[in-house]
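Student: Prediction below, plus the sequence it came from.
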Amino acid sequence: MAEVRARVQLNVGQHSHIPAEIVSFSGLQDGQEHVALIFNQAESQQEIPLIRMHSECLTGDVFHSSRCDCGEQLNECIETMHQQGGILLYLRQEGRGIGLYNKIDAYVLQSQGMNTYEANNHLGFDDDLRDFSDAVLMLKAMGLSHVKLMTNNPKKLNALRNAGITVDEVVGTEAHVKAGNRSYLETKVKHGDHMLNIKKISKSE
């Protein structure tokens, strides 16, 4: 059973102006240092809080890579939760679970014409190696069994429901289209069944 280990207040966001509480845990299963960021005391003040399970993406979250929409989704989540309250589970699952160096190897293959899933497969990995069991443990350690889930990914929705977490509502994120990531987003929709508006992506300038 996972338990909350420590809590501390800090400011986050693009301009470091948004107050949040960062929470660490003990008893997680995969050995990674996952954390939760709680906005507006959503854990205790909201009956059904908005949550997002965000997988770490160094290239997108930190360096604002043109290849993905991860950083934009993270910023959107933080701004939304600043306004509405919510809980961001930041999960150490770089490259859909293959790790940073392997993801860079996959980037090389993508530069040669493969899509993100084909590149992972070529390196010997499944489409998505992420397991959300620790996210479930984190929610349960905070006493949460009913949530609203901010995601476009049906795998995350199914993972929570299969683990006994009731998802009362799914809140999608925007389609963050920019130079370099349109094909990536289209592939996520066509291959990964992500709930994004493919027409909006294809028509975006």
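Tutor: Noted; the coordinates are in hand. This structure is a prediction, so every number in the text was calculated from the model and none was measured.
Student: Dig out what the residue most central in space within the chain forms beta bridges with.
Tutor: Residue closest to the mean C-alpha point of the chain, counted by C-alpha atoms, centre = their mean, is residue 54 at 1.8 Å. Residues in a beta bridge with residue 54, per DSSP bridges, are residue 90.
Student: give the contact list for it.
Tutor: 70, 73, 74, 77, 88, 89, 90, 91 (C-beta atoms under 8 Å, 6 or more residues apart in numbering). The way it works is simple: take the backbone N, C-alpha and C, and place the C-beta from them, glycine included.
Student: rerun at 10 Å
Tutor: 37, 61, 70, 73-74, 77-78, 88-91, 93, 135, 150-151, 156 (C-beta atoms under 10 Å, 6 or more residues apart in numbering).
Student: residue ranges with poor pLDDT in this protein?
Tutor: 191-192, 196-205 (pLDDT under 70).
Student: Can I get the buried ones among the contacts of residue 54 as something I can paste into PyMOL?
Tutor: Buried members of the contacts of residue 54, defined by 16 or more other C-beta atoms under 10 Å, are picked up in PyMOL with:
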select buried, resi 37+61+70+73+74+77+78+88+89+90+91+93+135+150+151+156
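Student: The protein: strands as residue ranges?
Tutor: With DSSP state E as the criterion, the chain has strands at 3-12, 18-26, 35-39, 50-55, 86-91, 146-150, 166-171.
Student: Measure how the second one sits relative to strand 86-91, angle-wise.
Tutor: With axes from the mean of the first three to the mean of the last three C-alpha atoms, to 10 degrees applied, the angle from strand 18-26 to strand 86-91 works out at 50 degrees.
Student: Could I get the buried residue list for strand 18-26?
Tutor: 18, 20, 21, 22, 23, 25.
Student: any idea what sits nearest the fifth one, other than its immediate chain neighbours?
Tutor: What that stands for is residue 23. residue 36 (4.4 Å; C-beta to C-beta, 6 or more residues apart in numbering).
Student: Please export the alpha-carbon coordinates of stretch 77-87; CSV is fine.
Tutor: These are the backbone C-alpha positions of stretch 77-87, laid out as CSV (Å, rounded to 0.1, in the frame of the first residue of the first chain):
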residue,chain,number,x,y,z
CYS,A,77,-3.2,21.4,-17.4
ILE,A,78,-1.4,23.6,-14.9
GLU,A,79,-3.3,26.7,-16.1
THR,A,80,-6.7,24.9,-16.0
MET,A,81,-6.0,23.5,-12.5
HIS,A,82,-4.9,26.9,-11.3
GLN,A,83,-8.4,28.1,-12.2
GLN,A,84,-10.5,25.1,-11.3
GLY,A,85,-8.4,23.1,-8.9
GLY,A,86,-7.0,19.7,-9.6
ILE,A,87,-4.3,17.1,-9.1
